[in-house]
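> Compute the structure for the input listed below.
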Amino acid sequence: MSGKNPDRSKWRIARDVYVAETTEDARREVKQGKLSRDFTDYFFKLVPRIRGNLNIFKVDKSMPDSDVTADYMIDNLWLVGNPDDVVDQIKEVYHHVGGFGALLVMGHEWKPKDNWVRCMKLLVEEVLPRLKNLGNNA
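You can find the predicted model right below:
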């Protein structure tokens, strides 16, 4: 222990984020899109070869790797839903880790592009303004 308190305002948290008008649309678009494909066809195959398991994605390390699916990621790690849900999910992450200075939204291929443009527009116009006071116990 150094006796120093970390300056969490300098911390950066990276998450996959997808916002749609409805949570049902967001979940469906993520599962049918590039985000799910990138994990199913790449990360879920590569990570066990490097690390021996998928523990880096697990909330409970005792769960089998086979339970780490797109649905699991949506429910536990990715921030996916309508603007209200995503605001709540970001707040939950913020409080769980003890605060952070910036949320880095992970990027994937923007296909279909219009869905991702809409997602980013909803994030900027409807989600982020509601998080302005996050560090002030919002």
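
> Check the separation of the first and last residues in stretch 105-117.
13 Å (CA to CA, to the nearest Å).

> Centre of the chain to that stretch, how far?
In this view, stretch 105-117 has its centroid 14 Å away from the chain centroid, taken as CA atoms, centre = their mean, to the nearest Å.

> Also stretch 30-39?
Relative to its chain's centre, stretch 30-39 lies at 13 Å (CA atoms, centre = their mean).

> For it, buried residues please.
Val30, Lys31, Gly33, Lys34, Leu35, Ser36, Arg37, Phe39 (16 or more other CB atoms under 10 Å). To be clear about C-beta, it is placed using only N, CA and C from the backbone, and glycine gets the same treatment.

> what about that stretch, average pLDDT?
Stretch 30-39 carries an average pLDDT of 94.

> All the strands of this structure, in order from the start?
With strands called from DSSP state E, the chain shows them at 12-15, 17-19, 79-81, 102-105.

> Show me what the second one is in contact with.
So that's strand 17-19. Applying CB atoms under 8 Å, 6 or more residues apart in numbering, the external contacts of strand 17-19 come out as 26, 29-30, 35, 78-83, 86, 103, 105-106, 119, 122-123, 126-127.

> what's the neighbour count on the nearest residue to Arg118 once chain neighbours are set aside?
In space, Arg118 comes closest to Ala20 once its chain neighbours are excluded; the distance is 7.1 Å by CB to CB, 6 or more residues apart in numbering. Here the number of neighbours of Ala20 (other CB atoms under 10 Å) works out to 22.

> Cheers, nothing more for now.
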